[in-house]
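Visitor: need coordinates for the below:
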Amino acid sequence: MEKLLLKPKEAAEAVGVGRTLFYRLVKAGLIPSCRVGKSIRIPVAALRAWADAQVSVQSAAGGHK
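Guide: Okay, the predicted model is just below:
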C-alpha cells in the first residue's frame, strides 16, 4: 500500500530540495501540511498538486529552457 502521508524529510527528497528549504515552504504555507499528534505530515496528493502547480506557473511565465 502506498503511503498517504509523508514525513517532511521524505517529501523534501521526493521533490528534490533540502529539508531546511522544505520546512520553510511548509511554514510559509506554500506546501500543504497537517499534524498527526505533534508530527508534521505532508499529504501525497497535496504534494503532487503543488508540484503540478509549480510546473504550470513556470510554463506560463516562460519557465526554464
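
Visitor: next, name the residue at the spatial heart of this protein.
Guide: residue 47 (4.2 Å; Cα atoms, centre = their mean).

Visitor: what's the closest non-adjacent residue to it?
Guide: Leaving aside its sequence neighbours, residue 47 sits nearest to residue 11 (Cβ to Cβ, 6 or more residues apart in numbering; 5.5 Å). For the C-beta atoms, the positions are set from N, CA and C on the backbone; glycine is no exception.

Visitor: are we agreed that the residue nearest to the centre of the chain is in a strand?
Guide: No. Counting by DSSP: H, G, I helix; E, B strand; the rest coil, residue 47 is not found in a strand; it is helix.

Visitor: now do it against residue 29, distance only.
Guide: Distance of residue 47 to residue 29, computed by Cβ to Cβ, to the nearest Å: 14 Å.

Visitor: do residue 20 as well
Guide: Distance from residue 20 to residue 29, by Cβ to Cβ: 17 Å.

Visitor: which ones are touching residue 8?
Guide: Contact partners of residue 8, counting by Cβ atoms under 8 Å, 6 or more residues apart in numbering, are 19, 22, 23, 26, 33, 40, 42.

Visitor: could you check the pLDDT of it?
Guide: For residue 8, the pLDDT comes out at 97.

Visitor: try residue 57
Guide: The model reports residue 57 with a pLDDT of 67.

Visitor: what does the one 5 residues further on give?
Guide: Residue 62 carries a pLDDT value of 67.
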